[in-house]
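[1] What follows is a predicted protein model with its sequence.
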Amino acid sequence: MFDKGRVSWWCGMLVMVPLLGGCASFKATRRLDVSPFAQNTVGLIGEVQRANKPLEWVYLKKYESLPSVLDARSTYAPARELMRGIAVYSTQIVSIYESPLPESRKSKELARYLDETIRERLKANPRSDAFLTQAELDKAVQGARSAPTFMAALGAAQPVVSAALAYGNQIYDDMDQAIGKADQELIARIEAEFARAKDERERLEATQPRSSGGLVWAQPETLPSLLRTKRRSNVKAGTIRLGS
């Protein structure tokens, strides 16, 4: 499962890309190397695919339908969609940047992606207005479309990335709370179910050092006395039988 730090790191990288491009623009012949960013994007897509595999319950299978467990599992869906969206957005950035298109056309392609794909995601998410309104997205789209360079377009799109970071922090906080609640209920139910078995085990462990089937097991420091006793009694090696 994904962690909150992963979302923060990835969104931070998206914010840093236009800043790095600004540093590179001092030399006209220098290009920003996005290959490490592209490789990490592929890794992120792999993580999304692995996280989509259903969890197999084995020893705790009878608890998988508890309301708190179902609620915790439902909080994962927004996180999965967010990470998938970040992976797609990152792929688009790399594809547009590496394309032979002129800078102005690259800016327009980024604006088109924001206007079509991101807008549809916002409309489908009832919580989106708390992080990025349609008016704020309009401003980002217009800024990206009119940007003279692709790096400037990425800078104009930064509010979208910042909104994704804030949204990610919120949904991962929700996940932490739901998982904590489910964890407490699971522990309470397991403790209650196996309370008698635990008490019986503790009782047996407490009595075992004194006797076990009528035998006392010799400790290393008592071996000399036991060996002397063995000569005078018919006792098996290493043990002495208690009197009945």
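    Good, I have the coordinates.

[2] per-domain residue ranges of this structure.
    When the chain is parsed with automatic domain parsing, its domains come out as 4-193, 195-232.

[3] which of those domains has the lowest average pLDDT?
    Comparing mean pLDDT across those, the lowest value falls on domain 195-232: a mean of 63.

[4] Quick one: the helices in the protein, in order.
    Along the chain, counting by DSSP state H, helices occupy 4-24, 35-51, 67-74, 76-98, 103-113, 119-124, 134-145, 150-156, 158-193, 195-207, 223-232.

[5] The third one vs helix 158-193, what angle?
    Compare the direction of helix 67-74 with that of helix 158-193 by axes from the mean of the first three to the mean of the last three C-alpha atoms, to 10 degrees and you get 150 degrees.

[6] How about helix 67-74, which residues are buried there?
    68, 69, 72, 73 (16 or more other C-beta atoms under 10 Å). C-beta here means a position set from N, CA and C on the backbone, and glycine is covered the same way.

[7] one step back: which of the helices of the chain sits most buried?
    Most buried of the helices of the chain by mean neighbour count (mean count of other C-beta atoms under 10 Å) is helix 150-156; its value is a mean of 23.

[8] how close does residue 187 sit to residue 178?
    15 Å (C-beta to C-beta, to the nearest Å).

[9] can you pull the contacts of residue 138?
    Counting by C-beta atoms under 8 Å, 6 or more residues apart in numbering, residue 138 touches no other residue.

[10] my guess is residue 175 meets residue 73, correct?
    No: the criterion here is C-beta atoms under 8 Å, and residue 175 misses it with residue 73 at 9.9 Å.

[11] Let me see the contact set for residue 167.
    So residue 167 contacts 82, 127, 128, 131 (C-beta under 8 Å, 6+ apart).

[12] cutoff 10 Å now
    7, 11, 78, 79, 82, 85, 125, 127, 128, 130, 131, 132 (C-beta atoms under 10 Å, 6 or more residues apart in numbering).

[13] Surely residue 151 is in contact with residue 158?
    No: at 11.2 Å, residue 151 does not count as touching residue 158 under the criterion of C-beta atoms under 10 Å.
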